[in-house]
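[1] Quick one, what's the 3D model for this:
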Amino acid sequence: MARTIPISKIRNIGIMAHIDAGKTTVSERILYYAGKTHKLGEVHDGAATMDFMVQERERGITIQSAATTLSWKGHLVTLIDTPGHVDFTVEVERSLRVLDGAVALFCAVGGVQPQSEKVWLQSEKYEVPKIAFVNKMDRTGADFFGVLEEIQDELGCNAVPVVVPIGKAETFQGIIDLVAMKAVYFDDPDSTEFRLAEIPAEKLEKAKKWRANLVEKCAEQDDALMEKFFAEGDLSESEIWGILRKATISRKIVPVYCGAAFKNKGVQHLLDGVANLLPAPNEIPPIISAVSEEGEEPARRQPTDEEPFSALAFKIVADKHAGKLTYIRIYSGTLSSGQNVLNSTLDKSQRIGRILRMHANHSENLDTAQTGDIVAVVGLAHTRTGDTICSEDHPIQLTSIEFPAPVVSISIAPDSTADNEKLSAALYKLADEDPTFTVGFDQETSETIISGMGELHLEIIVDRLKREFGVAAKVGRPEVAYRETATQNVEGQYKHVKQSGGRGQYAHVCLRLEHLKPGEGFEFVNEVVGGRIPANFIPSVEKGVVKAMTSGPYAGYPVVDMRVVLYDGSYHDVDSSDFAFQEAGRAGFKELFLKASPIILEPVMSVEVSTPEEFMGGATGSVCQRRGRIETMDEKGSQKLIRGMVPLGEMFGYATALRSMSQGRAGFTMQFEHYEAVPFFLTEQIIKARRAANKIR
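    Residues are numbered from 1 along each chain as shown. Sure, this is the predicted structure:
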């Protein structure tokens with residue numbers, strides 16, 4: 001099928017930022033100016049198009065990334081608005097994995113904030129070209145050039161202004177376009193029109209200075225242009241746009257725009273930047289298979305419609321009308337409704353039912369989707385986030401998406417026993433949507449345990465259970481996802497022998513436990529030689545060890561960062577079995593682990609507290625009282641910033657305590673950093689509380 005819009009005119013972009021930098025407001029303005037909506041939806045009114053979940057509208061925050069498609073000056077732009085809250089970082093991660101470019105948003109007052117840095121690093125991991133937009137230039141304390149300096153210093157990038165502001169705070173009137181060297185005024189906030197004028201005399205010197213900076217940064221990227229720049233001292237508009245585009249796509253320059261989205265200023269120029277500077281799908285490198293046969297070159301797919309079909313599933317949504325929607329990014333080839341495809345990750349063939357182009361929570365049916373498209377499909381019942389969908393005749397497996405492990409857990413039960421099945425079905429649907437939300441069952445307490453990225457994350461899950469699935473649930477107090485590990489290497493043997501008339505049970509294993517560095521996970525090594533244990537029983541020993549590690553012998557928490565070596569053992573011709581060796585592995589590991597000086601590990605969060613100066617002492621004390629280590633103390637405008645590391649277990653209820661202490665004027669953000677050993681004096685308390693809770697239950 002012939003394309004209506006050439007692939008060179010397609011842009012797949014995301015908007016990413018710290019919470020409350022104005023992502024959704026910018027998205028709403030983009031939709032309005034592109035003619036996609038005819039009425040501006042405001043976040044504070046609960047009327048934003050892109051925040052369509054009830055929970056988003058009530059809280060005024062983005063929870064799920066929402067996709068929409070719009071046209072701008074002959075370009076087809078797929079836009080994804082991502083959350084800023086750290087509890088929903090999975091939405092940013094999976095969006096950046098499939099996008100070709102991104103708009104990094106910064107508050108003109110707040111500058112580079114903790115989550116700004118986090119999402120920037122996520123985008124760097126996937127090598128996503130970016131343009132920056134300094135928003136809220138109309139707010140008191142706005143400082144465009146201060147934020148520019150922070151972007152350069154703290155994010156380590158070559159940030160180059162393409163526009164500079166005319167005024168700031170209440171005097172912010174418009175921008176100076178440094179490429180065209182014109183002043184741009186937005187006189188009517190409800191109009192898509194703007195007024196071009198000559199640069200005011202008092203701003204001309206500053207404009208010339210920043211124009212020279214832009215031209216010089218562009219000339220540095222090309223030897224021929226550098227010679228012309230030295231000879232003539234300037235470059236033409238077309239030369240600037242041409243080299244700026246190349247440098248943006250190669251991530252050598254980050255162009256910087258500015259405006260005030262709420263007052264409808266600067267958004268049209270940002271859209272021009274998206275169209276002129278960010279890459280099309282055919283300008284990104286070809287995708288390479290993550291899996292290949294030994295000695296063979298990995299398969300490649302060029303981003304063209306003529307190549308075999310390949311796509312990545314990056315988001316699952318349970319839609320009450322369409323059923324399971326799978327969002328995919330097509331990297332090569334074309335896809336038609338009714339087509340059979342292969343899920344190469346699971347090695348399963350599936351049939352595409354419908355193809356939908358999404359606009360937030362609305363959709364339009366498509367017959368065909370092509371290279372570069374981001375669409376939702378119906379019919380991929382077994383597909384999970386991160387799976388590869390491809391042509392059955394030309395299989396390929398793309399690099400999947402890595403997600404952080406959950407750090408907070410609560411027990412959950414339905415209000416009435418009649419809702420047991422409904423609760424289970426709803427939880428597994430939600431877990432299918434969100435890879436950072438997990439559902440487990442505690443055998444000791446017979447409780448369903450759900451785990452997520454934070455208190456807000458789990459609060460939203462419980463709220464969705466009630467509103468979307470009609471299941472009212474009782475929840476336990478949030479619990480920290482502790483882990484266990486060993487600090488010494490030990491070895492020993494274990495014999496599992498049982499005789500109860502008839503065939504008995506016999507298994508003998510010799511194990512060596514070695515502790516690994518933090519984050520290295522689990523490794524099972526078989527060093528048995530000479531058939532001392534038959535090869536078919538080796539996996540049974542590993543199964544038993546893994547079973548023991550899921551609920552550790554020390555305090556009942558999962559065991560991490562261990563290498564288990566099976567180096568010897570023996571068997572019986574009649575009495576040895578798969579079950580016997582599983583039991584030997586399980587019991588042998590438990591016995592040895594307790595001799596390996598075990599410790600409990602706790603998640604430690606990177607915390608940033610922002611407070612007015614008069615509450616600085618109280619805020620500092622509140623961090624220290626929670627076993628926190630203060631690392632830096634800075635100031636940004638009128639606010640004091642305290643950065644430190646605090647155990648997650650001490651952060652429950654901190655928002656309320658901080659608000660009470662500061663008359664509601666202080667706030668904080670936190671994100672998971674790493675695991676650390678729990679102090680000895682707390683270890684006994686944790687073990688005691690865990691055992692007591694299990695007895696009560």
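
[2] Only C-alpha atoms from now on, for both contacts and neighbour counts.
    Noted.

[3] What's the local residue count around the residue nearest to V184 when sequence neighbours are not counted?
    In space, V184 comes closest to L196 once its chain neighbours are excluded; the distance is 4.8 Å by CA to CA, 6 or more residues apart in numbering. When counting by other CA atoms under 10 Å, one arrives at 14 neighbours for L196.

[4] Without its sequence neighbours, what residue ends up closest to W72?
    Nearest one to W72, counting by CA to CA, 6+ apart, is A34 at 5.8 Å.

[5] again with A311
    I330 (4.2 Å).

[6] List of residues touching the helix or strand the one you found falls within?
    Using DSSP states H and E, I330 maps to strand 323-332. For strand 323-332, contacts defined as CA atoms under 8 Å, 6 or more residues apart in numbering pick out 98, 281, 287, 301-319, 369-381, 383.

[7] Give the phi and psi angles for the residue nearest to W72, as a check.
    In terms of degrees, to the nearest 10, the main-chain angles of A34 are phi -80, psi 0.

[8] Could I get the contacting residues of it?
    70-72.

[9] and which of the residues you listed is nearest to G504?
    L70 (70.5 Å; CA to CA).

[10] Just confirm the closest one contacts Y33, I think it does.
    No - L70 is beyond contact range of Y33, at 9.9 Å (criterion: CA atoms under 8 Å).

[11] quick one: which of these two has more around it?
    Y33 (22 against 19).

[12] per-residue confidence for the more buried one?
    Y33 is assigned 82 on the pLDDT scale.

[13] ok, it to L270 distance?
    Distance, Y33 to L270, using CA to CA, to the nearest Å: 11 Å.

[14] what's around G110, how many residues?
    A count of neighbours around G110, defined by other CA under 10 Å, yields 18.

[15] Could I get the full set of strands for the stretch 101-250 of the chain?
    101-107, 130-135, 159-161, 163-166, 174-177, 182-185, 195-197 (DSSP state E, counting those that start in this stretch).

[16] Kindly report the same for the stretch 401-550 of the chain.
    408-414, 438-442, 447-452, 473-475, 479-480, 483-486, 490-498, 505-515, 522-526.

[17] any idea which of those strands is most buried?
    Comparing the strands of the stretch 401-550 of the chain by mean neighbour count (mean count of other CA atoms under 10 Å), strand 483-486 comes out on top with a mean of 25.

[18] pLDDT (mean, whole number) over it?
    92.

[19] tell me what that strand is packed against?
    strand 505-515, strand 598-612 (3 or more CA pairs under 8 Å, 6 or more residues apart in numbering; DSSP states H and E).

[20] want to try TSV for the ones you listed, with mean pLDDT and distance to Q221 as columns?
    Formatted as TSV, those follow (pLDDT from 0 to 100; distance: least, CA to CA, whole Å):
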stretch	mean pLDDT	distance to Q221
strand 505-515	93	49
strand 598-612	89	37
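
[21] For the protein, name the helix or strand with the lowest mean pLDDT.
    Ranked by mean pLDDT, DSSP states H and E, the helix or strand of the chain with the weakest confidence is helix 54-59, at a mean of 51.

[22] After it, which helix or strand is next?
    strand 66-72.

[23] Could you list the paired strands of that next one along with their orientation?
    Take DSSP bridges as the rule and strand 66-72 pairs in its sheet with strand 75-81 (antiparallel).

[24] Quick check: next helix or strand after the partner strand?
    Next along from strand 75-81, by DSSP H and E: helix 89-98.

[25] Give me the angle between that following helix and strand 323-332.
    Orientation check (axes from the mean of the first three to the mean of the last three CA atoms, to 10 degrees): helix 89-98 against strand 323-332 gives 30 degrees.

[26] Just the CA trace of helix 89-98, in CSV.
    Coordinates of each C-alpha in helix 89-98 appear next as CSV, following Å, rounded to 0.1, in the frame of the first residue of the first chain:
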residue,chain,number,x,y,z
THR,A,89,9.3,5.5,35.7
VAL,A,90,8.4,2.3,33.8
GLU,A,91,6.2,4.4,31.5
VAL,A,92,9.2,6.6,30.6
GLU,A,93,11.5,3.6,30.2
ARG,A,94,9.3,1.8,27.7
SER,A,95,8.4,4.9,25.8
LEU,A,96,12.0,6.0,25.3
ARG,A,97,12.8,2.5,24.1
VAL,A,98,10.6,2.9,21.0
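
[27] average pLDDT for that helix?
    pLDDT averaged over helix 89-98 gives 83.

[28] Now do it: which elements does it pack against?
    strand 10-16, helix 114-125, strand 310-319.

[29] Tell me which of these sits nearest to D578.
    Using CA to CA, these put strand 310-319 closest to D578, at 37.5 Å.

[30] burial of the residue nearest to E613 when sequence neighbours are not counted, as a residue count?
    Distances taken as CA to CA, 6+ apart place K640 nearest to E613, at 6.0 Å, with adjacent residues excluded. By other CA under 10 Å, the residues close to K640 number 19.

[31] Next: G519.
    Neighbours around G519, by other CA under 10 Å: 11.

[32] Look up the pLDDT of the residue nearest to it when sequence neighbours are not counted for me, please.
    Nearest residue to G519 in three dimensions, chain neighbours excluded: D561, at 6.3 Å (CA to CA, 6+ apart). Note for D561: predicted pLDDT of 91.

[33] Now do the same contact list for D561.
    By CA under 8 Å, 6+ apart, the neighbours of D561 are 485, 515-522.
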